[in-house]
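[1] coordinates only, sequence not included:
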């Protein structure tokens, strides 16, 4: 029987207040790292990107409004959360800061790389502190270490450690 996806970031999974607070934390962390750009641009490895790190079907010359970007970001968070949960054994047991930090890296590196990562291995055995520390293994893009990506991983690791005990 297939797992039924239930978001921890929207009302229902943790109650309206808990879900709203978790979603706000995720939007702040991921959105803060991705930044908002309403005109399509090539990222550090040459991938066309727009809004808050959105890369799907983006082409040169595209322009979105902030409202369009905000909607796209909301849709992307739900999509990436669903992908992330698909490779986790017991996602509801993961402390919320660890869960959101994991979503941040999954949003950044993609489902395939995330699901094969040592972060997922640690999460699936309940080694949350280890999962947080392993954020620092993902600081390369296009075969080179990216200073901004290293800074992002340190910030995400520190966020993650808030309830990783």
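    Looks like it arrived, so ask away. Keep in mind that this is a model prediction, so the values were computed, not measured.
[2] from here on, contacts and neighbour counts on C-alpha atoms
    Noted.
[3] Quick check: next helix or strand after the biggest strand by length in the chain?
    Criterion DSSP state E: the longest strand present in the chain is strand 37-42. Using DSSP states H and E, the helix or strand that follows strand 37-42 towards the C-terminus is strand 48-51.
[4] hmm, who's touching that following strand?
    35-43, 55-56, 58-60, 62-64, 66, 69-70, 72-73 (C-alpha atoms under 8 Å, 6 or more residues apart in numbering).
[5] Kindly provide the distance from residue 137 to residue 89.
    As judged by C-alpha to C-alpha, to the nearest Å, residue 137 and residue 89 stand 22 Å apart.
[6] of those two, who's got more company?
    Each of residue 137 and residue 89 has its neighbours counted (other C-alpha atoms under 10 Å); residue 89 has more, 15 against 12.
[7] show me the contacts for the nearest residue to residue 22 once chain neighbours are set aside.
    Leaving aside its sequence neighbours, residue 22 sits nearest to residue 9 (C-alpha to C-alpha, 6 or more residues apart in numbering; 5.2 Å). By C-alpha under 8 Å, 6+ apart, residue 9 lies in contact with 19, 20, 21, 22, 23, 26.
[8] Check the residues you listed against residue 103 and report the nearest one.
    Minimum distance to residue 103 across these is 7.9 Å, recorded for residue 26 (C-alpha to C-alpha).
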